[in-house]
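Enquirer: give me a 3D structure for the following:
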Amino acid sequence: MSTQSDLIAEAIYASLDQYFQDLDGEPPCAMYDMVLARVEKPLLELVLERVEGNQTRAADMLGINRNTLRKKLQIYDLL
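Expert: Below is the predicted model of the structure:
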């Protein structure tokens, strides 16, 4: 039986596998930042939606400091 985190990991794995195939032999570049940005922005959007925009609750749910959350929201133009 798969857990939700297993399904997420499988989706990420499949996406990265496709990314490598799409590169067609070209070397990847800055993958870490690319992957984090692709995961982080929708995560922030969804959590903010769940807490109806309450940044304190969102930061608590994410397990990060509210100031850190605000910086990330600025980076992704979510403020």
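
Enquirer: what stretches of this protein score poorly on pLDDT?
Expert: Within the chain, the segments meeting pLDDT under 70 span 1-2.

Enquirer: which parts of the chain are helices?
Expert: Listed in chain order, the helices of the chain (DSSP state H) span 4-23, 31-50, 55-62, 66-75.

Enquirer: dump these to TSV, plus mean neighbour count.
Expert: (Each C-beta comes from the backbone N, C-alpha and C, glycine too.) Formatted as TSV, the helices of the chain follow (neighbours: other CB atoms under 10 Å):
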stretch	mean neighbour count
helix 4-23	11
helix 31-50	13
helix 55-62	16
helix 66-75	14
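
Enquirer: can you give the contact residues for stretch 41-61?
Expert: 62, 65-66, 68-70, 72-73, 76, 78 (CB atoms under 8 Å, 6 or more residues apart in numbering).

Enquirer: from the middle of its chain, how far away would that stretch be?
Expert: Distance of stretch 41-61 from its chain centroid, counting by CA atoms, centre = their mean, to the nearest Å, is 12 Å.

Enquirer: got the CA coordinates for it in CSV?
Expert: Extracted in CSV, the C-alpha atoms of stretch 41-61 (Å, rounded to 0.1, in the frame of the first residue of the first chain):
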residue,chain,number,x,y,z
LYS,A,41,5.7,27.9,-5.1
PRO,A,42,2.7,25.5,-5.4
LEU,A,43,3.3,24.4,-1.9
LEU,A,44,3.2,28.0,-0.6
GLU,A,45,0.1,28.8,-2.8
LEU,A,46,-1.8,25.8,-1.5
VAL,A,47,-1.0,26.3,2.1
LEU,A,48,-2.0,30.0,1.9
GLU,A,49,-5.2,29.0,0.3
ARG,A,50,-5.9,26.4,3.1
VAL,A,51,-5.3,29.0,5.8
GLU,A,52,-7.2,31.7,4.0
GLY,A,53,-4.1,33.9,3.6
ASN,A,54,-3.1,33.9,7.3
GLN,A,55,0.7,34.0,7.1
THR,A,56,1.2,33.1,10.8
ARG,A,57,-0.9,29.9,10.4
ALA,A,58,0.8,29.2,7.1
ALA,A,59,4.3,29.5,8.6
ASP,A,60,3.2,27.2,11.5
MET,A,61,1.8,24.6,9.0
